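Can you look at this prediction? I've put the sequence above it.
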Amino acid sequence: MDGNGRWAKQRGLPRAEGHRIGMESVRAMVRSCSELGVEYLTLYAFSSENWKRPRTEVAALMYLLEFFLKQEIPELNSNNVRLAVIGRTHDLPASAQKQLNKSIETLSKNTGMTLVLALSYGGRAEIVDAMRGIAREVKAGHLEIADIDEVVIARNLYTGSIPDPDLLIRTSGEMRISNFLLWQISYAEMYVTEVLWPDFRKPELLKALEDYSQRSRRFGLVNPPKAK
Ligand code: FPP
């Protein structure tokens, strides 16, 4: 969700204001994706590198996260949305962790779209944590080294039971992955738009989905596999 800072700068506003309007885009995206039948929406809300931003900006982002969770739970619930979180969430402030756990619990019986928030998330850190988990299983005698395969690695990632993404959208024109879902995006289709995140609303989402629908996904094969 890139471009909040630039959006604010263009208007002579503080960066936190860009994040606040960015939160409105989050709200709009969750509603639209849920209506359109998207099964999983993963939002890169706070990276492991974002901790190095000025203290006031980090505080503003944590405030917005808690505000969003408190305010949106009734609507998420009425839209049958579930909530999951990926990342080193134990690094988040205690109040944010508490609000996250409460929200996950409140929405846990829902059966519609799963909203996945990537918080204090880094793709490399995720792989490190997965390797540690696998090493512990081997050390405890529950797993043979020869049995470590892609399924075992995927199961040990934070995304364990979440399918790999089909489409990766990056706003603000940056042609980078920025440490996001490094393992999981192997065959994801990428869509990069110049639009800054605070301006990314339903019409922009529809453009991305339209573009995606024209792609021919071959997964390394000559002919694309038949759609399920
Ligand atoms: C990147 O833009 C964006 C972030 C680091 C934070 C994203 C947060 C939100 C959209 C709001 C809160 C989220 C939730 C889930 C309630 P940037 O600041 O790097 O922008 P720039 O590259 O233009 O400086």
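Looks like it came in fine. Here the structure is a predicted model, which is why all the values come from computation and not from measurement. Numbering: from 1, shown residues only.

Report the contact partners of Ser216.
Taking CB atoms under 8 Å, 6 or more residues apart in numbering, we find Ser216 in contact with Pro224. Using the backbone N, CA and C atoms, a C-beta is placed for each residue, glycine as well.

cutoff 10 Å now
Ser216 makes contact with Glu189, Asn223, Pro224, according to CB atoms under 10 Å, 6 or more residues apart in numbering.

Same question for Glu194.
Per CB under 10 Å, 6+ apart, neighbours of Glu194: Gly3, Thr171, Ser172, Gly173, Glu174.

Just confirm Glu49 is within a helix.
Yes: the assignment for Glu49 (DSSP: H, G, I helix; E, B strand; the rest coil) places it in a helix.

Convert the lengthiest helix in the chain to CSV, retaining C-alpha atoms only.
For the chain, the longest helix by residue count, based on DSSP state H, is helix 55-78. C-alpha atoms of helix 55-78 as CSV (Å, rounded to 0.1, in the frame of the first residue of the first chain):
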residue,chain,number,x,y,z
ARG,A,55,8.8,7.4,16.3
THR,A,56,5.8,9.8,15.6
GLU,A,57,5.1,8.0,12.3
VAL,A,58,5.2,4.6,13.8
ALA,A,59,2.9,5.8,16.6
ALA,A,60,0.5,7.2,14.1
LEU,A,61,0.4,3.9,12.2
MET,A,62,-0.2,1.9,15.4
TYR,A,63,-3.0,4.3,16.4
LEU,A,64,-4.6,3.9,12.9
LEU,A,65,-4.4,0.1,13.2
GLU,A,66,-6.2,0.0,16.5
PHE,A,67,-8.7,2.6,15.4
PHE,A,68,-9.4,0.6,12.2
LEU,A,69,-9.9,-2.6,14.1
LYS,A,70,-12.2,-1.1,16.7
GLN,A,71,-14.2,0.8,14.2
GLU,A,72,-14.5,-1.8,11.4
ILE,A,73,-15.3,-5.0,13.4
PRO,A,74,-19.1,-4.6,13.1
GLU,A,75,-19.0,-4.0,9.4
LEU,A,76,-16.4,-6.8,8.8
ASN,A,77,-18.7,-9.1,10.8
SER,A,78,-21.8,-8.2,8.9
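
Thank you, goodbye.
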